[in-house]
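[1] fold the following.
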Amino acid sequence: MLPTSLLSNSTITTVAGAAALLLVVLIILSTLGALVTFTIVVIANRADPDPTGKRPLSAYLFGGSFVTLWITFAALSAIGFTIIGLLGSHPSDPASHAINAYSDSVVRSLVLGVIVTAIAGYAYVIHRKRGIELAESDEDASSPSKRVLRGYAAAVSFISTVIVILGGIAFFYEIFQIIAPGVFMASGSRVDSLKSLLDDVVLLGLAAFVFRSHQALVPADQRLFAALRSTSSAE
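    Take a look at the predicted model:
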């Protein structure tokens, strides 16, 4: 997946560089969020009657929840990558005149990651909570707001599944790179391969948590795994 070197001193050495990278991520996520929001509304079927008038607000809340969720996901991943990047030795950057150039870049990355996580995470919690309350206020299981909720959960579950699949492929391949770096053309040392492996663990853990928490939003009989369905039944 994303190599730890993306967050090294050679890639993000200034706040401006980090802010530019974050801006690109935000633009991508915002565009994707707009498309997903449109998809959610289509799934909810705009042609159906909406006597309560909740569908537009529900689409906004879950669309906002979608965007802020993945911004928070990206920020948490960046924090994890930065911490993992501390492993091993870190030669000083000859192009930098700062005494602690690498440690300064780590601090900047961590602070930016924490700020984004705090702001986007708070926005996500508020949008998700209000959207769920709005959907649960309808007694009809086929109401537009509840269909928007299920469409949102399905979209998030789909993206989480893609991340888990790609991350799992990278994870197992990098295990072979650590075992036989020459055969599998590993770049760098075994420590570098271990860093990439740990990066994948972070992504897999976060994606699995997101998947599980959003599968819980749909009825038990519509969940993907039997374990999640049986857990709901036991509760």
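[2] tell me which stretches of this protein form helices.
    Secondary structure of the chain (DSSP state H): helices at 15-43, 55-84, 101-136, 144-179, 190-215, 226-234.
[3] now do Ile119 against Ala59, distance only.
    Noted for Ile119: a distance of 23 Å to Ala59, by CB to CB, to the nearest Å. Glycine gets a C-beta too; all of them are placed from N, C-alpha and C.
[4] quick one, which of the two is more surrounded?
    Ala59 (22 against 14; other CB atoms under 10 Å).
[5] dump the helices of the chain to CSV, plus mean pLDDT.
    Below are these laid out as CSV (pLDDT from 0 to 100):
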stretch, mean pLDDT
helix 15-43, 56
helix 55-84, 88
helix 101-136, 89
helix 144-179, 87
helix 190-215, 88
helix 226-234, 53
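[6] I figured Val164 hits Ala208, correct?
    Yes. Contact between Val164 and Ala208 holds when scored by CB atoms under 8 Å: they sit 6.3 Å apart.
[7] the two: which is more packed in?
    Between Val164 and Ala208, counting by other CB under 10 Å, Val164 is the more crowded of the two (19 against 15).
[8] for that one, give me its contacts.
    Taking CB atoms under 8 Å, 6 or more residues apart in numbering as the criterion, Val164 is in contact with 204, 207-208, 211.
[9] re earlier: mean neighbour count, the helices of the chain: which tops it?
    Among these, helix 55-84 has the highest mean neighbour count (mean count of other CB atoms under 10 Å), at a mean of 22.
[10] which ones are touching Gly160?
    Actually, residue 160 is Ser. It isn't Gly. Contacts of Ser160 by CB under 8 Å, 6+ apart are 207-208, 210-211, 214.
[11] quick one on the thing from earlier: now, which of the contacts of Val164 sits nearest Ser143?
    Using CB to CB, Phe211 comes nearest to Ser143 of the contacts of Val164, at 24.9 Å.
[12] nearest residue to that closest one other than its sequence neighbours?
    Nearest-residue entry for Phe211: Ser160, 3.8 Å, with adjacent residues in sequence omitted and distances by CB to CB, 6 or more residues apart in numbering.
[13] over to Ile71?
    Ala120 (4.1 Å).
[14] let me know the distance separating the one you found from Ser77.
    Counting by CB to CB, the gap from Ala120 to Ser77 is 12 Å.
[15] again, but for Arg223
    Counting by CB to CB, the separation of Arg223 from Ser77 is 25 Å.
[16] can you check Gly151 too?
    25 Å.
[17] now Leu86
    16 Å.
[18] same check, this time on Gly205
    10 Å.
[19] what of Val148?
    Distance of Val148 to Ser77, computed by CB to CB: 27 Å.
[20] same question for Val202.
    Distance of Val202 to Ser77, given as CB to CB: 6 Å.
[21] next: Gly64.
    Distance, Gly64 to Ser77, by CB to CB: 20 Å.
[22] again, but for Gly167
    For Gly167 relative to Ser77 (CB to CB), the value is 11 Å.
[23] mutual contacts of those two, please.
    The contact sets of Gly167 and Ser77 overlap at Leu203 (CB under 8 Å, 6+ apart).
[24] what sits against Gly131?
    58, 61-62, 65, 148-149, 152 are the contacts of Gly131 under CB under 8 Å, 6+ apart.
[25] closest one of those to Val191?
    Nearest member of the contacts of Gly131 to Val191, counting by CB to CB, is Ser65, at 38.3 Å.
[26] this completes my enquiry, with thanks.
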